[in-house]
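Trainee: The sequence isn't on hand, but the structure is:
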C-alpha cells in the first residue's frame, strides 16, 4: 500500500459527515454503472465527476456501514446492500427497492455474499447464516446454524467464497468466519441437501478485523485479522 499524493474532489454537496461506504453497481454497459456513497443516514449518487453535486437516492437510514454485492438473476442485475439496522435494499439500474425477505428479521441482516448462485446472509449478534433460493433477491431466507461447530464461541462475522481450484470446476467453497477467529469451510451447492453440501473443516485463526475482513484476490480469499 502506497499513499497517493494530494487529492481531487469527486463529489460535493453531501454535508460535512464522513462517508462510511462506497458501493458500485456494475450494469451491462459502462454507461449504466453507478457509484453510491453512504453518509449521514442517506445514500447519494456520486457517479458523476466533481463538476456535479451529488444527488440523494435513499434517505433516513439508520446505519452508514453497508456490506454489498452485485448479483445477476433472470430478472436483472442488482446491487444488494445490508447494514444490520435497516431492511436490505437493492438497486436494479434505475431504482432502489426494499425486497420482501421472510424467515429471518430482515433488518438484522448485516452481511451478504453471493455464493453458488445464491445470496447468503449473516444475521447480526448471532451464530446464524441464512440463504435465499437460487437466483433470488427476495423471498424466504432459510437459517443455517453454525454455533455448535465452533469451540471458542463468539458471533458470526462474515462469509466469503474461496475458489480453491482456480475456477475450473464446481469447487467454490463457502467460508464462514467468527469474531473469535474460528473459520468453518463448506463445499457444495445446495445447503438443504446433504448429498450436495458437506463440511470440510473448522480452523482456528486470529480474530478478524470487522465485518469487511475478506477480500477476493483472483481465486484466493484474503482475510484481514488482528495479526
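Mentor: Nice, I can see it. The shown structure was predicted, so the numbers you read here are calculated from the model rather than taken from an experiment. Numbering: from 1, shown residues only.

Trainee: Is it correct that residue 107 falls within a strand?
Mentor: No - assessed with DSSP: H, G, I helix; E, B strand; the rest coil, residue 107 is helix; it does not lie in a strand.

Trainee: Excluding covalently adjacent residues, which one is nearest to it?
Mentor: Of all residues not flanking residue 107 in the chain, residue 87 sits nearest, at 5.2 Å (C-beta to C-beta, 6 or more residues apart in numbering). Every residue, glycine included, has its C-beta placed from N, CA and C.

Trainee: Go ahead and confirm that neighbour touches residue 96.
Mentor: No - applying C-beta atoms under 8 Å as the test, residue 87 and residue 96 come out as separate, 11.6 Å apart.

Trainee: Show me which positions of stretch 22-36 end up buried.
Mentor: Burial within stretch 22-36, assessed by neighbour count using 16 or more other C-beta atoms under 10 Å, is assigned to 23, 25, 27, 34-36.

Trainee: Which residue in those residues has the weakest pLDDT?
Mentor: Within the set of the buried residues of stretch 22-36, pLDDT is lowest for residue 27 (92).

Trainee: ok, back up a step: between the buried residues of stretch 22-36, which sits nearest residue 158?
Mentor: Among these, residue 23 lies closest to residue 158 (C-beta to C-beta), at 16.4 Å.

Trainee: which residues touch that closest one?
Mentor: Contacts for residue 23 (C-beta atoms under 8 Å, 6 or more residues apart in numbering) come out as 35-38, 66, 68, 79, 81.

Trainee: Same list (the residues you listed) but as CSV, adding secondary structure.
Mentor: Formatted as CSV, the contacts of residue 23 follow (three-state DSSP):
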residue, secondary structure
35, strand
36, strand
37, strand
38, strand
66, coil
68, strand
79, strand
81, strand
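
Trainee: Output those in CSV, with distance to residue 194 appended to each entry.
Mentor: Shown next, in CSV, are the contacts of residue 23 (distance: C-beta to C-beta, whole Å):
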residue, distance to residue 194
35, 42
36, 40
37, 43
38, 40
66, 34
68, 31
79, 33
81, 32
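
Trainee: just curious, which of those is nearest to residue 173?
Mentor: Of all the contacts of residue 23, residue 68 has the smallest distance to residue 173: 21.4 Å, by C-beta to C-beta.

Trainee: Tell me the pLDDT of the closest one.
Mentor: Looking at residue 68, the pLDDT reads 98.

Trainee: just for the protein, where's the confidence low?
Mentor: 50-52, 165-170 (pLDDT under 70).

Trainee: go again using 90 as the cut-off
Mentor: Scanning the chain for pLDDT under 90 picks out the ranges 1-4, 7-16, 28-31, 48-57, 163-172, 216-220.
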